[in-house]
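Visitor: Pasting the sequence and the predicted coordinates here, then a few questions.
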Protein chains: 2
Amino acid sequence: MRLPLDNDCFLRACLRQPTPHTPIWLMRQAGRYLPEYKATRAKAGNSFMALATNVQYATEVTLQPLERYALDAAILFSDILTVPDAMGLGLSFGAGEGPRFAHPVRDEAAVAALQVPDLDKLRYVFDAVTSIRHALKGRMPLIGFSGSPWTLACYMVEGAGSDDYRLVKTMLYARPDLMHRILAVNAQAVTAYLNAQIDSGAQAVMLFDSWGGVLADGAFQRFSLAYTRQVVAGLQREKDGQRIPLIVFTKGGGPWLDDIAACGADVVGLDWTVNLADARRRVGQRVALQGNLDPNVLFAPPDVVAREAVAVLDAFGRPQRADGGWDGHIFNLGHGISQYTPPEHVTALVDAVHAHSRRLRA
Amino acid sequence: MRLPLDNDCFLRACLRQPTPHTPIWLMRQAGRYLPEYKATRAKAGNSFMALATNVQYATEVTLQPLERYALDAAILFSDILTVPDAMGLGLSFGAGEGPRFAHPVRDEAAVAALQVPDLDKLRYVFDAVTSIRHALKGRMPLIGFSGSPWTLACYMVEGAGSDDYRLVKTMLYARPDLMHRILAVNAQAVTAYLNAQIDSGAQAVMLFDSWGGVLADGAFQRFSLAYTRQVVAGLQREKDGQRIPLIVFTKGGGPWLDDIAACGADVVGLDWTVNLADARRRVGQRVALQGNLDPNVLFAPPDVVAREAVAVLDAFGRPQRADGGWDGHIFNLGHGISQYTPPEHVTALVDAVHAHSRRLRA
């Protein structure tokens, strides 16, 4: 079933194999900074969920950045909160707002009622994966993804984004039994969800622990990383004889790099606060590293964008080690691309990453 | 002029000298979680600036938490943004909002016009310091403070708080010359401001780099820490034969602990993401450490608050080293106390810190 890819740089870098250049993709690369995305979204009534649940639209917007830029991977167009939505929490996106749940999980009864959702409610995601995979025609790999158990729990308890995570942390400290129950359900659901994405055609998967970094040292290990490990333990890691790389990205996870690198992921995603040279020295022979340009760099003129991209590549250094082995680097931003990014600055970024990373290998 | 203090635990811990217990104070300890604070604020027309600029009110609210709790230090009641306000940017606090500047600094002309303010415009702060110092009657030391040059610049350019720091980071990357000019002015102003607080009676000073942690590795060192160093270089560190300890607190600064510890401060403040045992091992013989309980712990019942406080103390360990020397630990939260904190939970915290830290020394 698996045909060779035209461009397998991304998968090879995930597995710390030689590549002719450093692959690059961008978190939220299909998104509001692209006029063509806004056009498709307008067709879908300007509703994010209408876009995400329509296989044709989801396929269309996933491919848009690949037409414009020489990116090395596609990522499923979806949201990290589809799983709690399927649990019945009622996800919506208000105009100009972030996500919101109609039925947040805040008391013992709501926690007790929580169940791993029927995967059939997420059929639209799996259908989108299959559709995108076909539409890609083997040009490059497709990444599937989910929010991490902890990050889902943050939204499920808070009901929306938060400045201080007061509600979810109050539950964590005051009723750890309830929090552990939510996280256990989430871990099971996320495992099944990612495995179904892999069955549908995802060639790599990523766990977004977007809010792991708000936890205290110790709490992070018990309430986020422990459940990431549960997901890792249940994931299929091979499909049709091919390794399915797993990327774990914890925003603000720099302090726990060694712990995260030991969780069983193939790749650790880093935000811009992390020194990439230091990270490579510490864990680069155990995992590949993904990151870590500050998305705000993309507001600067193209020559500055190129210079900062070179600085990130140089911080990682030549992927070939002195002993002849290879360490893996996948270029990315340290968080999602901003909706205010000038699209032509992304061209400068992708070109600089490809050109300079080829020079580094020469 | 300097009389002995009834309780000098805080100053001694800052200087890594023996203390009978671990001193504790809380960032924003005089604040909205206290009913008596709200009562005084109501007298001042519910205006934060009316409170802060009135010497009698500022003194009153500074002392309120000391009447309620066995805290080991007082901190001036003021705001980190008084300096840019004195520069003419027009600080205000809307109801239920954060701070806002009427005249943000966003273009070349505004940056060129920026000047170190006449310190006379900040006379209300220095008068408050002197008044509080007298009102304390030597019970415990008084801490003065300022925002760091970078953190002030964030607010000065954004004009308010921000989710993504897009405006200030765009200037940083696109026009670093403008950003360096703002930071140089800020560093001069902050130095003069803190020196005047020391002259007025502050017995320790703290730099709040609340937004240092949003910078990329490398950018943090060039745009935040470099200007913290400029402040350090210009500060008077002794007054009347007594050392004036300097605390530098960078929220999200964990990745740069070694750099920060080398900036010349006596104390490094840590947020809750930092492993205190690891931090002590790395820098504890060069600086004292302050922190680092997650403020959200205070929403849990008192027995949980006490248990989590013990965990922080145990993470630092006995301050006496095996070689007979002492390392310094000042207990604090990892950020300001929340306005939603139940006041009686703070009693549980302070008592637990004092009781357990005495046990640790036994």
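Guide: Yep, it's here.
Visitor: List the single closest residue to the residue in the stretch 1-150 of chain A positioned nearest to chain B in space, sequence neighbours excluded.
Guide: Taking CB to the nearest CB, chain B has its nearest neighbour within the stretch 1-150 of chain A at A:Gly98, 9.7 Å off. From N, CA and C alone the C-beta is placed, and that goes for glycine too. Across the structure, with CB to CB, 6 or more residues apart in numbering or on different chains as the measure, the residue nearest A:Gly98 apart from its sequence neighbours is A:Gly161 (4.4 Å).
Visitor: pretty sure that neighbour is touching A:Pro99, no?
Guide: Yes - taking CB atoms under 8 Å as the definition, A:Gly161 is a contact partner of A:Pro99 at 7.3 Å.
Visitor: Identify the contacts common to these two.
Guide: A:Tyr155 (CB atoms under 8 Å, 6 or more residues apart in numbering or on different chains).
Visitor: between the two, who's got more neighbours?
Guide: Set side by side, A:Gly161 and A:Pro99 show unequal neighbour counts under other CB atoms under 10 Å in any protein chain shown, the larger going to A:Pro99 at 19 against 15.
Visitor: Model confidence for A:Tyr165, exactly?
Guide: Reported pLDDT at A:Tyr165 in the predicted model: 95.
Visitor: who touches the closest residue to it other than its chain neighbours in this structure?
Guide: Of all residues not flanking A:Tyr165 in the chain, A:Val214 sits nearest, at 5.2 Å (CB to CB, 6+ apart). Contacts for A:Val214 were tallied using CB under 8 Å, 6+ apart; they are A:154, A:165, A:169, A:252.
Visitor: now the longest helix along chain A, how far from the chain's geometric center?
Guide: Here the longest helix in chain A is taken by residue count, with DSSP state H as the criterion, and it is helix A:176-200. Its chain's average C-alpha position is 16 Å from that of helix A:176-200, according to CA atoms, centre = their mean, to the nearest Å.
Visitor: Buried residues, it. List them.
Guide: Buried residues in helix A:176-200, counting neighbours by 16 or more other CB atoms under 10 Å in any protein chain shown, are found at A:176, A:178-198, A:200.
Visitor: near chain B, which of these show up?
Guide: If you filter those for contact with chain B, counting by CB under 8 Å from any CB of the partner chain, you are left with nothing.
Visitor: From A:Ala311, how far out is A:Ala58?
Guide: Shown here: A:Ala58 relative to A:Ala311, a distance of 35 Å by CB to CB, to the nearest Å.
Visitor: Those two: who's more crowded?
Guide: Neighbour tally, A:Ala58 and A:Ala311, criterion other CB under 10 Å: the higher count belongs to A:Ala58, 25 against 15.
Visitor: which residue packs closest to that one, ignoring adjacent ones?
Guide: A:Ala128 (4.1 Å).
Visitor: tell me, how many neighbours does that neighbour end up with?
Guide: Using other CB under 10 Å: A:Ala128 sits among 26 other residues.
Visitor: again with A:Gln339
Guide: The local packing count at A:Gln339 equals 13, with neighbours defined by other CB under 10 Å.
Visitor: Quick check, it in contact with A:Leu34.
Guide: No - using CB under 8 Å, A:Gln339 makes no contact with A:Leu34, being 9.4 Å away.
Visitor: Next up, identify which helix or strand A:Ile330 is on.
Guide: Assigning secondary structure by DSSP states H and E places A:Ile330 in strand A:329-333.
Visitor: Determine the set of other helices and strands touching that strand.
Guide: Strand A:329-333 is packed against helix A:9-14, strand A:288-293, helix A:302-316, with contacts defined by 3 or more CB pairs under 8 Å, 6 or more residues apart in numbering or on different chains; DSSP states H and E.
Visitor: helices or strands next to the last one in the packing?
Guide: When contacts are defined as 3+ CB pairs under 8 Å, 6+ apart, helix A:302-316 packs onto helix A:276-283, strand A:288-293, strand A:329-333, helix A:343-361, helix B:166-174.
Visitor: now, of those, which is deepest in the fold?
Guide: Stretch with highest mean neighbour count among the helices and strands packed on helix A:302-316: strand A:329-333 (a mean of 28; mean count of other CB atoms under 10 Å in any protein chain shown).
Visitor: List of residues touching that one?
Guide: Defining contact as CB under 8 Å, 6+ apart, one finds that strand A:329-333 is touched by A:10, A:13-14, A:22-27, A:267, A:269, A:272, A:276, A:280, A:288-295, A:298, A:309, A:312-313, A:316, A:319, A:353, A:357.
Visitor: Could you give the average pLDDT over that strand?
Guide: 98.
Visitor: Near chain B, which residues of the stretch 201-350 of chain A? Just list them.
Guide: On the criterion CB under 8 Å from any CB, chain B has as its neighbours in the stretch 201-350 of chain A the residues A:213, A:215-220, A:252, A:254-255, A:272-276, A:292-297, A:299-301, A:304, A:308, A:311, A:334, A:338, A:340.
Visitor: got the phi/psi numbers for the residue nearest to A:Tyr165?
Guide: When quoted as degrees, to the nearest 10, the phi and psi of A:Val214 stand at phi -90, psi -10.
Visitor: And for the one 4 residues further on?
Guide: For A:Gly218, the backbone dihedrals (degrees, to the nearest 10) come out as phi 100, psi -60.
Visitor: swap in A:Leu246?
Guide: With angles defined as degrees, to the nearest 10, A:Leu246 shows backbone torsions of phi -110, psi 130.
Visitor: Specify the beta-bridge partners of it.
Guide: The residues listed as beta-bridge partners of A:Leu246 by DSSP bridges are A:Val205.
Visitor: Report whether stretch A:32-43 contacts chain B.
Guide: No - legend: contact between stretch A:32-43 and chain B by CB under 8 Å from any CB is lacking; minimum distance shown is 12.4 Å.
Visitor: Check what contacts that stretch and list those residues.
Guide: Counting by CB under 8 Å, 6+ apart, the neighbours of stretch A:32-43 from elsewhere in the structure are A:30-31, A:47-48, A:51, A:57, A:60-61, A:64-65, A:68, A:337-343, A:346.
Visitor: mind listing what's buried in it?
Guide: Counting neighbours by 16+ other CB under 10 Å, the buried set in stretch A:32-43 is A:33-34, A:36-37, A:40-41.
Visitor: May I see these organised as a markdown table, with pLDDT added?
Guide: Rendered in a markdown table, the data for the buried residues of stretch A:32-43 read as follows (pLDDT from 0 to 100):
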| residue | pLDDT |
| --- | --- |
| A:Tyr33 | 97 |
| A:Leu34 | 98 |
| A:Glu36 | 98 |
| A:Tyr37 | 97 |
| A:Thr40 | 97 |
| A:Arg41 | 95 |
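Visitor: Among these, which are located in strands?
Guide: Counting by DSSP state E, no part of the buried residues of stretch A:32-43 is found in strands.
Visitor: Those in helices, which ones?
Guide: Secondary structure from DSSP H places A:36-37, A:40-41 of the buried residues of stretch A:32-43 in helices.
Visitor: Closest one to B:Arg237 out of those, please.
Guide: Among those, A:Tyr37 lies closest to B:Arg237 (CB to CB), at 55.4 Å.
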